[in-house]
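Novice: predicted coordinates and the sequence they were generated for:
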Amino acid sequence: MEDTIFGKIIARKIPAKIAYEDEQYIAIHDVNPQAPVHLLVLPERHIDSFREIGEFPAEEAKRMLEFVADVAAREGLTDYRVAVNVGPSAGQTVFHLHWHIKGGWV
Ligand code: AMP
C-alpha cells in the first residue's frame, strides 16, 4: 500500500466515514463535499492515477466500475456525476486512484 492519505484509510490507519466496502473497493464520504452527496470510491490496489489503469486486471477494472454504479444506486442517486482528476493541473491532490461520485441536487 502506498503512503497516501487514501492508502492509510484503506489500511485503517486513519479514520474515514465509510459508506460501503467489499474485498477490493471502499466508498467514503468526501471530507470537503462539493455536492449534497459526494462520495469517493477507492480501489485497494494502488495506482497513482487513472493514467495507470492498464495495470488493473480487466475483471477488476470492470468490478470497480460496477462498484461505482452500485454505490450511487445504494445512495439513492439517479442523476449523478462521476469524475476522476488526472494529474495536479487537472485538480488531482491525492495520488491513489479515486472516483468522485457527486449528486443529490434533486
Ligand atoms: P482529488 O482532488 O481529485 O485528488 O480528490 C481528493 C479528494 O479527497 C478531495 O475532494 C478531498 O476533499 C478529499 N479528501 C482529502 N482527504 C480526505 C479524507 N481524509 N477523507 C475523505 N476525503 C478526503
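Specialist: Received the coordinates, thanks. These numbers were taken from a predicted model, which means no experiment stands behind them.

Novice: could you pull out the helices for this structure?
Specialist: Taking DSSP state H to define them, one finds helices in the chain at 5-10, 58-74.

Novice: out of the ones you listed, which is the most enclosed?
Specialist: Per-stretch averages of neighbours, counted by mean count of other CB atoms under 10 Å, single out helix 5-10 among the helices of the chain, with a mean of 19. To be clear about C-beta, it is placed using only N, CA and C from the backbone, and glycine gets the same treatment.

Novice: where along this structure do the strands fall?
Specialist: 18-21, 25-29, 37-43, 80-83, 99-103 (DSSP state E).

Novice: which among the ones you listed is found nearest to D3?
Specialist: With CB to CB as the criterion, D3 lies closest to strand 37-43 of the strands of the chain, at 14.4 Å.

Novice: got the angle for that closest one vs helix 58-74?
Specialist: 160 degrees (axes from the mean of the first three to the mean of the last three CA atoms, to 10 degrees).

Novice: can you list the weak-confidence ranges in this structure?
Specialist: Across the chain, residues meeting the criterion (pLDDT under 70) sit at 1-2.

Novice: around the ligand, which positions in it sit nearby?
Specialist: With CB under 6 Å from any ligand atom as the criterion, the chain comes near the ligand at residues I5, A16, I28, D30, V31, N32, L40, N85, G91, Q92, T93, V94.

Novice: need the max-distance pair from those.
Specialist: Farthest pair in these (CB to CB) is A16 and G91. Separation: 20.0 Å.

Novice: pick out whichever of the two has more residues nearby.
Specialist: Between A16 and G91, counting by other CB atoms under 10 Å, A16 is the more crowded of the two (19 against 11).
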